[in-house]
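Novice: using only what follows, build the 3D model:
(one chain, ligands or ions: 3)
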Amino acid sequence: MATGIEITGALRPGYETILTDAALAFVAQLHHMYEPTRRSLLGAREQHQAWWNAGHGIDFAGEMSSVRDDPFWQVRPAPHDLTDRRVEITGPCDRKMVINALNSGAQCFMACLEDASAPTWDVMVQGQVNLRDAAAGTISLEDKGKSYTLNPKTATLIARPRGWHLDEAHMLVDGERVSGAIFDFGLYVFHNARALLARGSGPYFYLPKLEHYLEARLWNNIFTTAQSMLDLPLGTIRATVLIETLPGAFMAEEILYELRDHITALNCGRWDYIFSYIKTFQADPDKVLPDRAAVTMTVPFMAKYAAHVVRTCHKRGAHAMGGMSAFIPVKDDEAANERAFAAVRADKEREASLGHDGTWVAHPGLVGIAREVFDRLMPTPNQLSVIPEGHATAADLTTPPDGPKTLAGLTNNINVGIGYIAAWLRGQGAVPLHNLMEDAATAEISRTQLWQWRVSDVVLDGGETVDAALIDRVTDEQLAVWKAAVGDNFFATGKYLEAADVFRTLVLADELAPFLTLPAYEHYFAG
Ligand SMILES: CC(=O)SCCNC(=O)CCNC(=O)[C@H](O)C(C)(C)COP(=O)(O)OP(=O)(O)OC[C@H]1O[C@@H](n2cnc3c(N)ncnc32)[C@H](O)[C@@H]1OP(=O)(O)O
Ligand SMILES: O=CC(=O)O
Ligand SMILES: [Mg+2]
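Specialist: Ligands and ions are numbered 1, 2, ... in the order given. Okay, here's the model as predicted:
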C-alpha cells in the first residue's frame, strides 16, 4: 500500500479486489487535492446557518445574476442511455436488490451508497463489490434456493455517493480520514468507468445534498481530475444533482452552470428538501412546518419548488427528474395496496403534467405504475421543451403552509424515528415502516421537526405544549409500542434502546445537529 494510506476496517474476502493499491492511491490523490476545499465548504455551511439563525433571509445569489441572466449557455446533451429516464428505481447496494433493480424494467437504477445505506464499513465496501460486478454485467447470486442473474436488457446504472458532510473513518491518508463522497466516487469510477464505457454506458452519478454552487464546482473539479488521471475524455462522467436543500434550490441554475460539462439533470429530492427547510429556518418561529404528513408536494412552497426545478432545467437543456413517493406495495391487504398504488399514480401524474422528464420509485412493484403514467402523459423520450410559466420568488420557496400540528404527528415522528434509527444501527438504511419507505432523509424530518417544535414552544392542536417532558413521555410510550410489536427478544438485540437514545438526544439538544448521521456514525460505526 502506498505510503501514508491506512485501512482500519476489516478486510473480508473480496474486499482486496476493491481496495487495491492503485485504487486507494487514486482516492488518496483526490483527497490530497480536494480535502482542504471540502473542509472549507463545510465551514462555509456553518457560517451560512449562523447568518440565517441571526434572522437574515435566504435569497438568490446576487453575485451570480450574470449566470442566471445569460440566455446562451446550455448543459452538455445527455448520452443516449440518459435521454429517456422516465422511470428510475432506487435502492441500496445489497447484492440481491442491485440485481432486482437492474432487472426491474426501469430505465435507470440509482444505486445508493447514501441515505438508503447505513454507512458501515462492510455496507460500503460490499456495496462497491456489488456495483463492480453490476457494472461488468456479471453480477449473480444464489439466495434461499433462488438464482439471480441479469436479464439481457437492464437499467442504466447510476451511483449515489455519500454527501460532503460524512467522513469514511476507515481509510486514512497521512492520519486524516478521507471524505465518504471521495471514497465512494473514487472507488466506483476507478473500477468501473472502462467497463461501463465498453458496455455502451458510462460512469454516472447522483450527487446528494448540495447546498452551494461552490460545492458543485468542487465536484466538477474532481470529475475533471479523475477523467484526466484515468485518461477519459472531458464529459465522460455524467452527474445528476439532487436539488434537495433549500439553499441548493436558490442556486439550482448556478449548480447547472458549474457542472455544465458533466451534468445531465437535476432531481427533486423532496424528503431532504423538507428536512433542509426545517434546518434552514430552525431559529424562525414563523417558519414552523405542520405535521410531516401534511407537507405534501401539493402545498404551495413544495409545488413552487418543483416548478422552479423543471423551469431551471429545461431553460438550460437539462432533464428535470421527479422524486420519491414514500408509498410502497402493501402485502396482505388488497385495499391498502390499492390506496398506495393510487397515491403513487397521482404523484406521478402531477410530476408528468408539470413537465418532469421522469420519476423515482422505491420498489419494483411500482415501476409499471410510473411507466404507465409517463407513457401516457409523456409520449416523447423527455419533455425538455416544456417550460412552466412564471418564476419562483424567495417568498414562493419559503412561505410555510398551514396545516395541523398534532400529538399524533409528534407520536408518529418518534415511532418512525426510533424504528428507522434502530434499523440503521443494525446496518439497514432503507426500511418499510407503516407501509411507507423510510430512509435517512425521512428520519431527519422527524427529528428536526420535533426539535423545532420544542424550541418554538409549539402548542399542538389538542392543547399540549411540545417540551422535553412530552418528548420523554412519548418516547417511553413508543419504546413500549416497539417492544410489543417486535417481541422481547428482538427488542433486546434490535438496537431500539440505542435508537431512542440517539433520537431523544438529538431532539433535546440545545443546538440542532446538522445531520443525525454525524453523531450516530461517530458513536456506532467509526470505531
Ligand atoms: C429520500 C430518498 O433518498 S429515496 C431513495 C432512497 N431510498 C430507497 O432507495 C428505498 C428503496 N426501497 C427499499 O429499500 C425497499 O423497497 C423497502 C425497504 C422500502 C421495502 O423493502 P421490503 O419490504 O423488504 O420489500 P419487499 O419485501 O416487498 O421486496 C420484495 C422483493 O422486491 C425486491 N425489492 C424491493 N425493493 C427493491 C428495490 N428498491 N430495488 C430492488 N429490489 C427491490 C426485494 O429484494 C424482494 O426481492 P425477492 O422477491 O427476490 O426476494
Ligand atoms: O434523495 C431524495 C430525497 O427525497 O431526499
Ligand atoms: Mg435525499
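Novice: so what secondary structure elements neighbour the helix or strand bottoming out on mean pLDDT in the chain?
Specialist: The weakest-scoring helix or strand in the chain, judged by mean pLDDT, DSSP states H and E, is helix 65-69 (a mean of 92). When contacts are defined as 3 or more CB pairs under 8 Å, 6 or more residues apart in numbering; DSSP states H and E, helix 65-69 packs onto helix 252-258. Heads up, the C-betas are built off the backbone N, CA and C, glycines and all.
Novice: where's the helix it packs on relative to the chain centroid, distance-wise?
Specialist: Offset of helix 252-258 from its chain centre (CA atoms, centre = their mean, to the nearest Å): 19 Å.
Novice: if you count contacts, what does that helix end up packed against?
Specialist: helix 65-69, helix 213-229, strand 238-243, strand 263-268, helix 300-315.
Novice: and the first one, what's buried?
Specialist: It stands for helix 65-69. 67-68 (16 or more other CB atoms under 10 Å).
Novice: what's the spacing between Asp174 and Ala2?
Specialist: 11 Å (CB to CB, to the nearest Å).
Novice: output stretch 379-396 as PDB, restricted to C-alpha atoms.
Specialist: Extracted as PDB, the C-alpha positions of stretch 379-396 are listed here (Å, rounded to 0.1, in the frame of the first residue of the first chain):
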ATOM      1  CA  PRO A 379     -45.100  10.300 -25.400                       C
ATOM      2  CA  THR A 380     -41.700  11.700 -26.200                       C
ATOM      3  CA  PRO A 381     -38.400  10.400 -24.600                       C
ATOM      4  CA  ASN A 382     -38.400  13.600 -22.400                       C
ATOM      5  CA  GLN A 383     -40.200  16.900 -22.300                       C
ATOM      6  CA  LEU A 384     -37.200  19.300 -22.300                       C
ATOM      7  CA  SER A 385     -39.300  21.700 -24.400                       C
ATOM      8  CA  VAL A 386     -41.900  22.200 -21.600                       C
ATOM      9  CA  ILE A 387     -41.100  25.300 -19.600                       C
ATOM     10  CA  PRO A 388     -43.500  26.000 -16.700                       C
ATOM     11  CA  GLU A 389     -44.700  29.600 -16.800                       C
ATOM     12  CA  GLY A 390     -43.600  32.200 -14.200                       C
ATOM     13  CA  HIS A 391     -40.700  32.300 -11.900                       C
ATOM     14  CA  ALA A 392     -40.100  31.500  -8.300                       C
ATOM     15  CA  THR A 393     -39.500  34.200  -5.800                       C
ATOM     16  CA  ALA A 394     -37.900  33.800  -2.400                       C
ATOM     17  CA  ALA A 395     -41.300  34.100  -0.800                       C
ATOM     18  CA  ASP A 396     -42.700  31.400  -3.100                       C
END
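Novice: what lies in contact with that stretch?
Specialist: 57-60, 83-86, 250, 300-301, 304-305, 307-308, 310-311, 313-315, 317-319, 354-358 (CB atoms under 8 Å, 6 or more residues apart in numbering).
Novice: if you set the cut-off to 7 Å instead, what comes out?
Specialist: 57-59, 83-84, 301, 304, 307-308, 310-311, 314-315, 317, 319, 354-355, 357 (CB atoms under 7 Å, 6 or more residues apart in numbering).
Novice: ok, stretch 129-139 next?
Specialist: 14, 17-18, 93, 95, 98-99, 102, 111, 150, 157, 159, 188, 191-192, 195-196, 199.
Novice: with stretch 289-306 instead?
Specialist: 249, 268, 270, 273-274, 277-278, 347, 350, 354, 392, 396-406, 409, 413, 445-446, 449.
Novice: list the buried residues of that stretch.
Specialist: Counting neighbours by 16+ other CB under 10 Å, stretch 289-306 gives 289-292, 295-297, 299, 301-306 as buried.
Novice: same deal with stretch 394-413?
Specialist: 396-398, 400, 403, 405-407, 409-410, 412-413.
Novice: which pair in the residues you listed spans the largest distance?
Specialist: Asp396 and Leu407 (31.2 Å; CB to CB).
Novice: hmm, back to that, next SSE after the least confident helix or strand of the chain?
Specialist: strand 87-92 (DSSP states H and E).
Novice: now do the longest helix along the chain against helix 213-229, angle only.
Specialist: Ranked by residue count, the top helix of the chain under DSSP state H comes out as helix 21-53. Calculated by axes from the mean of the first three to the mean of the last three CA atoms, to 10 degrees, helix 21-53 forms an angle of 170 degrees with helix 213-229.
Novice: output the buried residues of stretch 394-413 in JSON lines; the columns should cover pLDDT.
Specialist: Formatted as JSON lines, those follow (pLDDT from 0 to 100):
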{"residue": "Asp396", "pLDDT": "98"}
{"residue": "Leu397", "pLDDT": "98"}
{"residue": "Thr398", "pLDDT": "98"}
{"residue": "Pro400", "pLDDT": "98"}
{"residue": "Gly403", "pLDDT": "98"}
{"residue": "Lys405", "pLDDT": "98"}
{"residue": "Thr406", "pLDDT": "98"}
{"residue": "Leu407", "pLDDT": "98"}
{"residue": "Gly409", "pLDDT": "98"}
{"residue": "Leu410", "pLDDT": "98"}
{"residue": "Asn412", "pLDDT": "98"}
{"residue": "Asn413", "pLDDT": "98"}
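Novice: gap between the nearest residue to Glu254 once chain neighbours are set aside and Ala226?
Specialist: Nearest residue to Glu254, sequence neighbours excluded (CB to CB, 6 or more residues apart in numbering): Tyr213, at 3.6 Å. From Tyr213 across to Ala226, the span is 20 Å (CB to CB).
Novice: quick check: Gly248 vs Phe525, distance?
Specialist: From Gly248 to Phe525 the distance is 26 Å (CB to CB).
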